[in-house]
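In: just the structure for this:
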Amino acid sequence: MVKRWPRIWHCLILPALLLGLTGVVLGFYYETNDDLAIIQLLRGNTAAAPVTNLHLYFHGLAWVLAGLFRLLPMVPWFGVLLYGLLYGALVLTFAVLDRLVRHRVAPGFVTALLVLFYGMAWIEHAMWFNYMRVPLLLAGAGLLYAAQRPEQFRARLIGVLAFGISWLIRPSAADLALLLVVPGVLWLAGRRGLPVLGVAVAWALVGGVAASLLRGNEATTFRTLDVLKSNVNDYQLYRPIPRTPADSLGVQAVEQWMLGDSTLVNEAFFSRAYVPDVRFFTQQALPEKLRETAMQLVRNYFPVLMLLLALQVWVAASPRMGGRSKFWLLQGAFLLSLFGLGALLKLPSRLALPILDLWVLTNLVFLLRDSRRPVSQEILSLLLVLLLAAAPYSYKLWHRYITLQAEQQSGRRALARFRRLTYPARIVVTDAVDAAYKSQNPLQVHTIGSAYLKTCLTLTGWPTLDPSQPRLRQRLTGTRDFAESLRGLARRRAAVKWYLTPATAQLLNRHLAWRQQTGQPRLTLRTRQPVSARNDLPRVYIPVFE
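Out: A predicted model of the protein is given here:
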């Protein structure tokens, strides 16, 4: 037990202490409002019933979470599950690092290295949380953990389970992690790592085929439109060239993420109204995206870059080290993955730092895989590099803490205003709630529903493409049609309130006018709020038939 104590301390107790200390001192915050949008679907607050199938992610887990929310609605199950898995990823990462260095330096130096690694390269995952971070970290760390202990069946089982759970959460993230850690797995285990890699690849292939075969027409359309809107709004791969007034209205709807009307926003519309513009992309979009990617990496992750540079200098200064050509090829591959994602798609923080962390782990595996090489001085130099980065990065963390605290308070005020202005409506049509949830605490309960408010029909955001939304309109009004359901809600003046930003209200008025049929009274949304109020502040609108 005495001999095992350092490992228990480094691999189980220290990760829990560091995560807990992060929450107490700095707090936990959602990076985006995507997590909250998923939670509201799982709870059934923005759907006709709790959504048990999210189609693109949380395969099987959505059913479990929806059931837990029904059973104990006042427990933040989404945050509990994902923070538990984030702790698991940190445990596996520390286990890999501990085994690499524990026989080379004193236990106190191992503890210092792990604490500094967490503070410089991991703390953002806990503090600035997004579900996308979990599958990347858990899958990568799990596979490296299994490869480091190829003789242990339990370790192989843990690695496969870590990858499998990650794949259920977000298949593309788990697949990316698998690609990134293949060199590290082979350096650690050689041919003995092939069974674990084989099982992971088989899981990804069979799971991908099964998901495609089991995906119904609604889910297939959802996936297709989700990709198309991302190509336009997120990746800037296409430029709008509307050919008709309806296409112009559709382009405006996509720009404002109002995607719920399938008569306007559909596959044919995207094919007709958007074209790939190679000249624009290569001359304007691509250089700007590359510049932003480089600036983001240097500005936000300079401690990790300094650590990577130190490891590369270590290799360059060791001409007798075997496999150096493979090491440099790996550096190019990781750089290409970062800038390729940033240039062709996008590289948000929830993607950038996990990739950098797996890059660091893989480099350390290459350098420390041979336990016979005396490298205690090099490890101490890594500690020095992390210590040099600690002061400026601590200031950056404190600045982020101040910013996130301000965003959290602003969001709470916005939610309080929403509840005050929409009371006592049982149904609210809105586009202004999801944004207020950004920077809220993942381990607190956040629900739109209350003793009076039962349902929110959201008009903007990616959830408007979800197959649950037509069913919600069917339950509320008897029709799935977007415009007709809004006209039906407009007739229920006492039970429904419209809480919208002015931009969405203006677009919705144009949309309703376009969908108006011959002989129908014109429906217009109007507000009584004074013109002097802030133009972007959400307000209550009143539907008027003329």
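In: what is the neighbour count of the residue lying closest to residue 374 once chain neighbours are set aside?
Out: Taking Cβ to Cβ, 6 or more residues apart in numbering, and ignoring the residues beside it in sequence, residue 374 has residue 104 as its nearest neighbour in space, at 7.6 Å. Quick note: C-beta positions are derived from backbone N, CA and C, even for glycine. Residue 104 is surrounded by 18 other residues when neighbours are defined as other Cβ atoms under 10 Å.
In: so which elements touch whatever helix or strand residue 139 lives in?
Out: Secondary structure assignment for residue 139, by DSSP states H and E: helix 133-148. If you count contacts as 3 or more Cβ pairs under 8 Å, 6 or more residues apart in numbering; DSSP states H and E, helix 133-148 packs onto helix 77-101, helix 153-169, helix 171-189, helix 194-214, helix 349-368.
In: out of those, nearest to residue 13?
Out: Between residue 13 and these, the shortest separation by Cβ to Cβ is 10.0 Å, and it involves helix 77-101.
In: buried stuff in that closest one?
Out: Burial within helix 77-101, assessed by neighbour count using 16 or more other Cβ atoms under 10 Å, is assigned to 77-79, 81-83, 85-101.
In: what's the answer for stretch 474-494, then?
Out: Neighbour-count burial for stretch 474-494 flags 476-477, 481-490 (criterion: 16+ other Cβ under 10 Å).
In: return the subset of those lying in helices.
Out: Among the buried residues of stretch 474-494, the residues falling in helices (DSSP state H) are 476-477, 482-490.
In: most widely separated two among those residues?
Out: 476 and 483 (13.8 Å).
In: which residue ranges form the strands in the stretch 401-546 of the chain?
Out: Remark: strands assigned in the stretch 401-546 of the chain by DSSP state E, counting those that start in this stretch are 427-430, 455-458, 496-500, 523-527, 539-545.
In: could I get those as CSV with distance to residue 18 and mean pLDDT?
Out: As requested, those are exported to CSV (distance: least, Cβ to Cβ, whole Å; pLDDT from 0 to 100):
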stretch, distance to residue 18, mean pLDDT
strand 427-430, 39, 96
strand 455-458, 36, 93
strand 496-500, 41, 95
strand 523-527, 49, 95
strand 539-545, 44, 95
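In: which stretch among these comes nearest residue 447?
Out: Nearest to residue 447 among these is strand 455-458 (10.2 Å), distances taken as Cβ to Cβ.
In: could I get the buried residue list for the closest one?
Out: Along strand 455-458, the positions that meet the burial threshold by neighbour count (16+ other Cβ under 10 Å) are 455-458.
In: name the surrounding residues that touch that strand.
Out: With contacts defined as Cβ atoms under 8 Å, 6 or more residues apart in numbering, strand 455-458 is touched by 37, 40, 45-46, 426-431, 433-434, 448-449, 464, 472-473, 476, 489.
In: from those, which would you call buried?
Out: Going by neighbour count (16+ other Cβ under 10 Å), the contacts of strand 455-458 have 37, 40, 45-46, 426-431, 433-434, 448-449, 464, 472-473, 476, 489 buried.
In: least confident secondary structure element in the protein?
Out: With mean pLDDT, DSSP states H and E as the measure, the helix or strand of the chain carrying the lowest mean pLDDT is helix 5-8 (a mean of 84).
In: what lies in contact with that helix?
Out: If you take Cβ under 8 Å, 6+ apart as the criterion, helix 5-8 is touched by 95, 98, 102, 107, 110.
In: ok, of the residues you listed, which one's closest to residue 141?
Out: Within the contacts of helix 5-8, proximity to residue 141 (Cβ to Cβ) peaks at residue 95, which comes in at 8.3 Å.
In: grab the nearest non-local neighbour of residue 161.
Out: Leaving aside its sequence neighbours, residue 161 is closest to residue 142 (7.3 Å, by Cβ to Cβ, 6+ apart).
In: still on that earlier bit, now tabulate the buried residues of stretch 474-494 in TSV and tack on pLDDT.
Out: As requested, those are exported to TSV (pLDDT from 0 to 100):
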residue	pLDDT
476	95
477	96
481	97
482	97
483	96
484	96
485	97
486	97
487	97
488	96
489	97
490	96
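In: in TSV: these, plus distance to residue 65.
Out: What follows is those, written out as TSV (distance: Cβ to Cβ, whole Å):
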residue	distance to residue 65
476	24
477	28
481	30
482	28
483	33
484	32
485	27
486	30
487	34
488	31
489	29
490	34
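In: so where's the stretch 1-150 of the chain shaky on pLDDT?
Out: Using pLDDT under 70 as the threshold, the predicted model of the stretch 1-150 of the chain has low-confidence ranges 1-3.
In: what packs against the helix of greatest length in the chain?
Out: In the chain, assigned by DSSP H, the helix with the most residues is helix 376-422. Using 3+ Cβ pairs under 8 Å, 6+ apart, the elements in contact with helix 376-422 are strand 29-30, helix 107-121, helix 123-127, helix 302-316, strand 427-430, strand 496-500, strand 539-545.
In: so which of the ones you listed is nearest residue 416?
Out: Closest to residue 416 of these, according to Cβ to Cβ: strand 496-500, at 12.9 Å.
In: each with direction, which strands does the closest one pair with?
Out: strand 427-430 (parallel), strand 539-545 (antiparallel) (DSSP bridges).
In: for those strands, which one sits closest to residue 63?
Out: Taking Cβ to Cβ as the criterion, residue 63 comes closest to strand 427-430 out of these, the separation being 26.1 Å.
In: contact partners of that closest one?
Out: Outside strand 427-430, the residues that reach it (Cβ under 8 Å, 6+ apart) are 418, 422, 448, 453-459, 476, 486, 489, 492, 495-500, 538.
In: OK, contacts around residue 407?
Out: Shown in contact with residue 407 (Cβ under 8 Å, 6+ apart): 29, 438-439.
In: quick one, phi/psi of the residue nearest the centre of the chain?
Out: Residue closest to the mean C-alpha point of the chain, counted by Cα atoms, centre = their mean, is residue 132 at 3.6 Å. Backbone geometry at residue 132, expressed as degrees, to the nearest 10, gives phi -60, psi -30.
In: thought it was touching residue 352?
Out: No: counting by Cβ atoms under 8 Å, residue 132 stays clear of residue 352, with 11.0 Å between them.
In: tally of neighbours for residue 406?
Out: Applying other Cβ under 10 Å, we find 11 other residues in the vicinity of residue 406.
In: so how far is residue 300 from it?
Out: 19 Å (Cβ to Cβ, to the nearest Å).
In: one more: residue 538?
Out: 31 Å.
In: with residue 219 instead?
Out: The spacing between residue 219 and residue 300, counted by Cβ to Cβ, is 35 Å.
In: got it, and residue 39?
Out: Relative to residue 300, residue 39 is positioned 27 Å away (criterion: Cβ to Cβ).
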